[in-house]
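J.: Okay, predicted coordinates and the sequence, questions at the end:
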Amino acid sequence: QVQLVESGGGLVQAGGSLRLSCAASGRRFSSYNMAWFRQAPGKEREFVAGIRWNGPYTIYSDSVKGRFTISRDNAKSTLYLQLNSLKPEDTAVYYCAGKEGMFGSTYSLPDEYPHWGQGTQVTVSS
């Protein structure tokens with residue numbers, strides 16, 4: 001089983017940038033398809049971005065496409081999310097999640113991912 005720990009969240013002004021990291025330990029990180037989700041207060045957890053186990057295939061939600069970039073370094077067992085041009089509506093707790101097997105049509109569903117980190121808060125002020 002893989003353990004996931006996020007870091008890099010914080011408070012930033014609108015238009016600013018942050019880089020989130022997700023450090024993995026345990027079983028082979030390189031065999032996991034990985035994703036970032038986020039959850040704002042009172043809202044459901046939503047898919048942000050995903051990356052296949054071997055890269056470079058990536059996919060993004062429409063709300064972050066062109067602003068956020070997901071990447072991974074399998075040698076360092078780390079997943080990243082670069083957040084640029086941040087907006088107040090990006091404020092949420094950001095979670096990394098992992099799954100083995102196919103990276104198919106259900107990639108955006110939280111229930112598809114058995115492994116989760118504890119989350120890191122991102123707050124964007126206007």
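T.: Received it, and whenever you're ready, just let me know what you need.

J.: Quick check: beta-bridge partners of the residue nearest the centre of the chain?
T.: Residue closest to the mean C-alpha point of the chain, counted by Cα atoms, centre = their mean, is residue 36 at 1.9 Å. Partner residues in beta bridges with residue 36, using DSSP bridges, are residue 49, residue 96.

J.: pLDDT at it, what is it?
T.: You'll see residue 36 listed with a pLDDT of 98.

J.: what residues are up against it?
T.: Each residue near residue 36 by Cβ atoms under 8 Å, 6 or more residues apart in numbering is listed here: 20, 22, 48-50, 68, 70, 79, 81, 94-97. Bear in mind the C-beta positions are built from the backbone N, C-alpha and C, glycine included.

J.: Format these as TSV; extra columns: neighbour count and distance to residue 113.
T.: Written out in TSV, the entries for these read as follows (neighbours: other Cβ atoms under 10 Å; distance: Cβ to Cβ, whole Å):
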residue	neighbour count	distance to residue 113
20	23	16
22	26	12
48	24	12
49	25	13
50	22	10
68	21	18
70	22	14
79	28	12
81	27	15
94	23	14
95	23	9
96	29	9
97	23	4
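
J.: ok, which pair from these is furthest apart?
T.: When the contacts of residue 36 are compared pair by pair using Cβ to Cβ, the two farthest from each other are 68 and 97, 15.4 Å apart.

J.: coming back round to it: tell me which of the contacts of residue 36 is nearest to residue 60?
T.: residue 49 (4.8 Å).

J.: my guess is that closest one meets residue 64, correct?
T.: Yes. Distance between residue 49 and residue 64: 6.6 Å, which falls inside the contact criterion (Cβ atoms under 8 Å).

J.: pLDDT score for residue 105?
T.: Residue 105 is assigned a predicted lDDT (pLDDT) of 86.

J.: How far away from the center of its chain is the helix or strand encompassing residue 124?
T.: Remark: residue 124 resides in strand 120-125, with elements defined by DSSP states H and E. Taking Cα atoms, centre = their mean, to the nearest Å, one finds the center of strand 120-125 at 14 Å from the center of the full chain.
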